[in-house]
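*Asks:* heads up, no residue letters with this:
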């Protein structure tokens, strides 16, 4: 897992949103001091709208990642169970040594 993957998927979207809000608050304060409160408020409203869309995207992305992870575990468990059943069937089928010379339908010339 790369650092970017860890930041996107390993850190919860709420923690990411909180960190982003802290950064935006500092930026808003700096803008208010530089260009005045009215312009800073308009600029921050646009920035907050973009930030809200980003947070929503991260939340959905993490939900999809978690769903895929759960599905992968479920599929792996099913494959392990299927392999165990196939192994048990093979042991049961091959337990009778009288059938070792039976024709299985394949030619091995």
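*Replies:* Okay, I see it. No experiment lies behind these values; they were computed from the predicted model shown. Residues are numbered from 1 along each chain as shown.

*Asks:* Just want the most central residue of the chain.
*Replies:* The geometric centre of the chain, computed from its C-alpha atoms, lies nearest to residue 65 (C-alpha atoms, centre = their mean), at 1.9 Å.

*Asks:* Would you agree it is in contact with residue 9?
*Replies:* Yes - contact criterion C-beta atoms under 8 Å: residue 65 and residue 9 qualify, at 5.1 Å. C-beta here means a position set from N, CA and C on the backbone, and glycine is covered the same way.

*Asks:* mind checking the longest helix of the chain?
*Replies:* The residue-count maximum for a helix in the chain (DSSP state H) belongs to helix 37-94.

*Asks:* which helices and strands does that one pack with?
*Replies:* Helix 37-94 sits against helix 13-35, with contacts defined as 3 or more C-beta pairs under 8 Å, 6 or more residues apart in numbering; DSSP states H and E.

*Asks:* Give me the residues contacting the helix it packs on.
*Replies:* Identification of contacts with helix 13-35 by C-beta atoms under 8 Å, 6 or more residues apart in numbering yields 7, 39-41, 43-44, 47-48, 51, 54-55, 58-59, 62.
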